[in-house]
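Asks: Predicted coordinates and the sequence they were generated for:
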Amino acid sequence: MRPIIEFCASNMHHGTDKLMQALEANPDYDVLEYGCLGNCGECYLAAFALVNGEIVAAESAEALEQAVYAKIKEIEDMFDLLSDAD
């Protein structure tokens, strides 16, 4: 399962550009950048990304990195549970 991580170009002033570049270097992730993700209030207030369509936000790009990895692990764990149920 490859997580899709989406970034808003307008949110790069929070330092999310470095995080996006680091995630792009990992072949296990699909990383996309859009001009706008339609979350303007979130974009203005905090660093954020969408992970499989869910907003992940934090006070800094460094905290966002930890939150993104935590969300990916949560999704992978849920996927594993569903796979084991079959």
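Replies: Structure's in. What do you need?

Asks: Can you say which helix or strand has the closest residue to M12 other than its chain neighbours in it?
Replies: With Cβ to Cβ, 6 or more residues apart in numbering as the criterion, M12 has its nearest non-adjacent residue at 7.9 Å, and that residue is M20. The C-beta positions use only the backbone N, C-alpha and C, and glycine is treated the same way. Following DSSP states H and E, one finds M20 within helix 16-24.

Asks: try I5
Replies: Using DSSP H and E, I5 sits in strand 4-8.

Asks: which helices and strands sit right next to that strand?
Replies: helix 16-24, strand 30-34, strand 47-51 (3 or more Cβ pairs under 8 Å, 6 or more residues apart in numbering; DSSP states H and E).

Asks: lowest-pLDDT helix or strand in the chain?
Replies: Ranked by mean pLDDT, DSSP states H and E, the helix or strand of the chain with the weakest confidence is helix 40-45, at a mean of 82.

Asks: Show me what counts as buried in that helix.
Replies: Across helix 40-45, burial judged by 16 or more other Cβ atoms under 10 Å covers E42, C43.

Asks: I'd like to know which elements it is packed against.
Replies: Going by 3+ Cβ pairs under 8 Å, 6+ apart, helix 40-45 lies up against strand 54-58.

Asks: In the sheet, which strands lie alongside the strand it packs on, parallel or antiparallel?
Replies: Partners of strand 54-58 in the sheet, by DSSP bridges, are strand 47-51 (antiparallel).

Asks: Now do the strand it pairs with: distance to the chain's middle.
Replies: 4 Å (Cα atoms, centre = their mean, to the nearest Å).

Asks: what about stretch 54-67, start to end distance?
Replies: From its first residue to its last, stretch 54-67 covers 12 Å (Cα to Cα, to the nearest Å).
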